[in-house]
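Novice: Sequence and predicted structure below; questions after.
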Amino acid sequence: MWMFVITLRASLALTGCGSSSYEGADLDSDAGDDGSSPGDPSDSADSDAGAEPDDDRLALRPSQSDVFVFVANRDRDTVTRVEVSTQAVRTLRVGRRPVAVAVTSDYATAVVYNAGDDTVSVIDARSLAQRVVPVRDNLNALALAPDGAHAVLWHDVDGVDVGTISGAAASYQEVSVVDVGAATHRASVLGFTPKDIAFTPDGATAVLVADSTLAVLDLDDDDRTPELVRIADPFEPPSAEEIVLDPSGRWALVRQRDADAIVVVDLEARTVTNVPVGAEPTDLDLLPDGSGAVVVSRGAGEVAVFGFDDPSEPERVIRVPDGTRLGAAAFAGDDRAVLYTTVTSVARFAVWDTVTDTVLLQPLVKPATAVSRTPDGSSLLVAHGAADRDDGLTPQPYRRRPAISLVSLTDFRSNTIGLSEPVLSMANSADGERGYVVLEGEPVLEILDHRQLTFESVSLRSVPEFLGVLPDLDGEGGDEPAAWVSQVHPLGRLSFFDPDDGRLQTITGFELNAAIEE
Amino acid sequence: MRTLTSRAVPAAALLLTACPEPPWDAWNPEAVLTTDDALLVPLPVAGEVARLAPDGSAERIDLDPWRVRAVEVTPDGTRSFARVVAQVCESDPGAPIDRGCTDGDAVVLGRIVDLDDPARFWDAGPWFGPLAFSPDGRWAVAAIDEQASVFGGGLVSLDSVLVVDLVDGGRFEVPVGFRASRVAFTGPSDAVSGLVVLSQSEVATIALDVDVPVVGTTFPLTLDPGAQVRPVDVVITPDDRYALLTVADSPDLYVLDLVDPSINLVTLPGLPSRLVADPTRDRTLVLFRSRPELAVLDHDRFELTSIPLGATLSEASLGDDEAILWSPEVTLAARLDLAAGLVDPIALNFPPSRLEVAPDRSFAVTFAWTAGARLEVLDLRPGEDGRIPDESRPFGLDGSAQDLLFREAGDGGTELLLLQEGSPRLFRLAWPSLETSSLRLDGQPVALGAVGDRPYVAFSDPWGRVGWVDGDALVAESYGFAGFGLGDWARYLREDQLP
């Protein structure tokens, strides 16, 4: 399933045409293929350690058209467009306080949510022609359907308060659906506060999940009200955390906090089944081929695989050796998944062969705070914080200092690199050749060679904020796409690192462009 | 030989009978301007302009009843203009006043007058300052002169520039932003098509290839309405696409895309002192106030390349293939090979107050005023190894260098002519022989220059005196031109000031 979800947080202001957010793994961002990413505090599954943040990524959709990067400048009420091929910059005024921008998968339209005046700007990516659509008040989450035809906005109670309440009264149970093509809006009342959203691949249906209820929205029918499906006792429901949709649209699977079962919903028959899984399920993901879903149960040390042919029970259950408490799975473009944890002190990860169901444990120097696989699956990039192993066996010189580990998933060679500051964000190129890391408060970009497991440092002009890799324009292994780093600067600063010639180009002051008068 | 024009004689004679000597500020020898065939001398007291020819003749350019404020000459020397004013009584604007109007009735009007044809003029408020001429000679642009002592009556728009079409005669006041300080022209040098105007906190473009020049694009330099960003220096890239500008007290260099309007800031490693266009190589050189390096900014990706200099060299003289770098702060100059990026240092004996490069760029001279009057000669001719001599040749001077002139010598070499403060001699330094000689002058020379290939010396003399040099002698003099119009000047004095 291909979808694009943005939970509105201050950190998410830049996206590369609907794809760079998949490339990046902002450690404090909720952006990801299912609304979570490493370090996502809202993804907590239990009061001790919490759920495992995902870092799944989906393949970039190829596009031969021009591609743009859009930056939302929330303090200036502007959005800046950077043309990838020429790095030409244009800035335009949008509504008040734009807090999120997303781009349709065909790169033709940018959708900007302006929290300050409760509007959505629908922008032609090429001409920058803008249409403004009023939406409901007090929203803080935006998701774009895979086909880009609709944007859905709602209030995520676990999201950050973006100060969107305009008056004295506020609802937390409304959803706004924007028809991107027609620039029209319709509002629906769900009767509950949604936690997560999923779309069918054709973009025709959106499913929002709350603790006790699912709502099915027919995005193509403006007149239909949401269809509600009860999934839990309305008086004492467990907290819903994640939802995945069968690509055919028939099945929805929901993971709930503190529930040792997965809720399986037949959206055609409107039936609900609780299917037991191992203790403490902390991650729920679609299989890369869309044939089923995977539930990782950290407490039980096992992985349950559900097939969408019959999800009434797991097809199979795979045990992690030694019952190692690994709580998340990361898939890539191969038949393996990496099992890991970023919220416990376990300094291990495992490689699960999804064909043979063998699981191989591997050590880490110290516990991980974020894990990212290269899109080709050949390498692993692990961020470590200052915290050491509980058993005191963290080797010098990595004790009490942040680090990153580059791990080959072919022969398991690794290189752990000590850092002066914790990792702020990391990203990998689509071909798996390179990785990029920026650190908190350090004006430097670390460039990682995933083949050689080495690194180089490039100085930035100022402190980084976000990091990503641009889409591959030719998709044929020619020029490597550049990495971008947005940085702290009162007038906006963005650097592009071109791996082909090793040059860093910086554009600064693009927020001034909004005040150009022609 | 002293000559006076037929008009000048009666004027001076008339004055001689009424006044024993004109005031010393009747003319300023250091304020004369050269055209391609004459010297123009503003006469601020009389409000007139004198035109002096190399044959010693002088004539008065009749501007009456207007009074000259400044004379300006196009860069190619072919055309000249005067900015003039006239005070009139508002109640009777057709008649110039002699002794002032009644209180509140006086207004000051301004014009730009073509000195080749004084009947041709453009109304220009007296608040407009010096003219900037386009390289094709068609346009003159003036900004508000905040230092102007005359502002006329009524309300003055302080955010306008005056654009004058010197060919077709149009004049346009175009609002561009507050405190416009500098302009740059875009388009081919023989057919200018646009104008970039730098003003406080913003930059505006004006299209000139239209019937009525209007502002095309306005670029902000800050988003803080309380901030005052003052542009200092500007370079237009050879393709006319970008304007590069520095601002006061900031290391940020603004790159303005004039075609697809957008702004980028390039952060320089330090505060810049100067931008120097290097159009041959399509790049800009950046000199710094206090960094021992030169930054080269390419016009493609606007990336900086640093060239170490060994000392802070904040000034530059650019040639086709090399640049001479220097600073008034250090005893070092350098020759930069622009193609190779190689720097040849040249040791000086004294920090120069001024550096001048000969027109053929085979040598340069520096003057030092801080440690006694010194002149140093820098040999800029590369040897077989491509290097230049790394030391200068010093000379002592009797007094501070006052003015200088390079001229082609009869033997094909170059001569440096030099005036020294307090010395009645015109010094000559032959290059490359470095032989020195001097010409004793009858009077105290103040300024030195040339009209075409004819040098002149302006003397300190209240009547106005300019001598014309041919070879080693003064062959003609223009004298008495400072008395032009002083009969009229007398009427502006109060009775107790009259002789």
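Specialist: Now that the structure is in, tell me what you want to look at. All values reported here derive from a predicted model rather than from experimental measurement.

Novice: ok, now how distant is the residue in the stretch 51-200 of chain A that chain B sits nearest to from residue A:505?
Specialist: The nearest approach of the stretch 51-200 of chain A to chain B comes at residue A:89, 4.8 Å away (CB to the nearest CB). In short, each C-beta sits where N, CA and C put it, glycine included. Counting by CB to CB, to the nearest Å, the separation of residue A:89 from residue A:505 is 12 Å.

Novice: Same question for residue A:228.
Specialist: With CB to CB as the criterion, residue A:228 and residue A:505 are 51 Å apart.

Novice: Report pLDDT for the closest residue in space to residue A:394 that isn't next to it in sequence.
Specialist: Closest residue to residue A:394 apart from its sequence neighbours, by CB to CB, 6 or more residues apart in numbering or on different chains: residue A:388 at 3.8 Å. In this model, residue A:388 is scored at 94, pLDDT.

Novice: In contact with residue A:388, which residues?
Specialist: For residue A:388, the contacting residues are A:366, A:367, A:394, A:398, A:399, A:400, by CB atoms under 8 Å, 6 or more residues apart in numbering or on different chains.

Novice: repeat that with 6 Å
Specialist: By CB atoms under 6 Å, 6 or more residues apart in numbering or on different chains, the residues touching residue A:388 are A:366, A:394, A:399.

Novice: again with residue A:258
Specialist: residue A:238.

Novice: Thought residue B:68 was touching residue B:49, still the case?
Specialist: Yes - using CB atoms under 6 Å, residue B:49 makes contact with residue B:68 at a distance of 5.4 Å.

Novice: what about residue 355, which SS state?
Specialist: If you meant another chain, say so; for now it's chain A. coil (DSSP: H, G, I helix; E, B strand; the rest coil).

Novice: Switch to chain B, please.
Specialist: What three-state DSSP gives for residue B:355 is strand.

Novice: Quick one: buried ones out of the contacts of residue A:388?
Specialist: A:366, A:394 (16 or more other CB atoms under 10 Å in any protein chain shown).

Novice: Are we agreed that residue B:280 is in a strand?
Specialist: No - when the secondary structure is assigned by three-state DSSP, residue B:280 falls in helix instead of a strand.

Novice: which residue packs closest to it, ignoring adjacent ones?
Specialist: Nearest residue to residue B:280, sequence neighbours excluded (CB to CB, 6+ apart): residue B:320, at 6.3 Å.

Novice: Backbone dihedrals for that neighbour, please?
Specialist: When quoted as degrees, to the nearest 10, the phi and psi of residue B:320 stand at phi -70, psi -40.

Novice: measure it to residue A:253 for me?
Specialist: Counting by CB to CB, the gap from residue B:320 to residue A:253 is 74 Å.

Novice: next one: residue A:99
Specialist: From residue A:99 across to residue A:253, the span is 30 Å (CB to CB).

Novice: Next: residue B:208.
Specialist: In this view, residue B:208 and residue A:253 are 68 Å apart by CB to CB.

Novice: Residue B:147 now?
Specialist: Separation of residue B:147 from residue A:253 (CB to CB): 78 Å.

Novice: Which one of the two is surrounded by more residues?
Specialist: residue A:253 (26 against 6; other CB atoms under 10 Å in any protein chain shown).
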